[in-house]
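Asker: what follows is a predicted protein model with its sequence.
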Amino acid sequence: MKTLIILIFTLYSSHSYACSCAELSGKEVMESDYVENVFIAFVKDAKAISSNGKYSRVVASFDIEKIFKRSEVMPTTVETYLDSAACGFPIEVGSKYVFITDINGSVNYCTSRLIPKYSYDLEIERYLKDLEANMSKLEITKH
């Protein structure tokens with residue numbers, strides 16, 4: 001009887017949605033048609049944006065350290081969802097990130113990465129080397 005009740009609740013429960021993605025290699029990022037900009041930046045300011053009375057997005061301004069790939073129009077801010085279920089990416093003022101954006105400057109959990117302040121992260125180091133190795137010679141830009 002207990003199993004039957006659990007089965008009924010499982011079948012009639014509401015759907016849950018979650019962010020699901022596969023991490024792309026540096027080569028895949030650089031070759032992607034979706035990716036317009038790839039750069040390292042320090043976040044200097046971030047603001048929550050409301051829509052219909054509910055905070056749903058964050059917009060952050062930044063200072064660029066290095067550009068790996070850029071579109072004709074480089075965004076002046078990055079934007080992401082607050083909700084991790086919508087692939088929102090946590091952005092913290094004063095932190096350094098690898099931002100991978102579309103043409104509008106949107107970032108998400110699947111593409112962008114935090115560069116830790118106080119710990120050496122081998123995975124991030126390998127990722128940055130992979131991005132470097134797949135840059136075209138004309139796109140190397142340092143700020």
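Answerer: Done, it's in.

Asker: from Arg113, how far off is Tyr55?
Answerer: Counting by Cβ to Cβ, to the nearest Å, the separation of Tyr55 from Arg113 is 24 Å. Placement of C-beta: from N, CA and C, glycine included.

Asker: more neighbours, the two?
Answerer: Here Tyr55 and Arg113 are set side by side on neighbour count (other Cβ atoms under 10 Å), and the busier one is Arg113, at 20 against 12.

Asker: now the more buried one. Its backbone dihedrals?
Answerer: The main-chain torsion angles of Arg113 are listed as degrees, to the nearest 10 and equal phi -140, psi 140.

Asker: likewise Thr77?
Answerer: Backbone torsions for Thr77, taken as degrees, to the nearest 10, come to phi -140, psi 160.

Asker: where does pLDDT dip in this structure?
Answerer: Along the chain, the parts satisfying pLDDT under 70 run over 1-20, 22, 119, 136-143.

Asker: which parts of it are strands?
Answerer: When assigned using DSSP state E, the strands of the chain occupy the ranges 37-51, 54-69, 77-81, 96-101, 113-115, 141-142.

Asker: in the longest one, which residues are buried?
Answerer: The neighbour-count check on strand 54-69 (16 or more other Cβ atoms under 10 Å) flags Arg57, Val58, Ala60, Phe62, Ile64, Lys66, Ile67, Phe68, Lys69 as buried.

Asker: neighbouring strands for that strand, and are they parallel or not?
Answerer: Looking at strand 54-69 with DSSP bridges, its paired strands and their directions are strand 37-51 (antiparallel), strand 77-81 (antiparallel), strand 141-142 (antiparallel).
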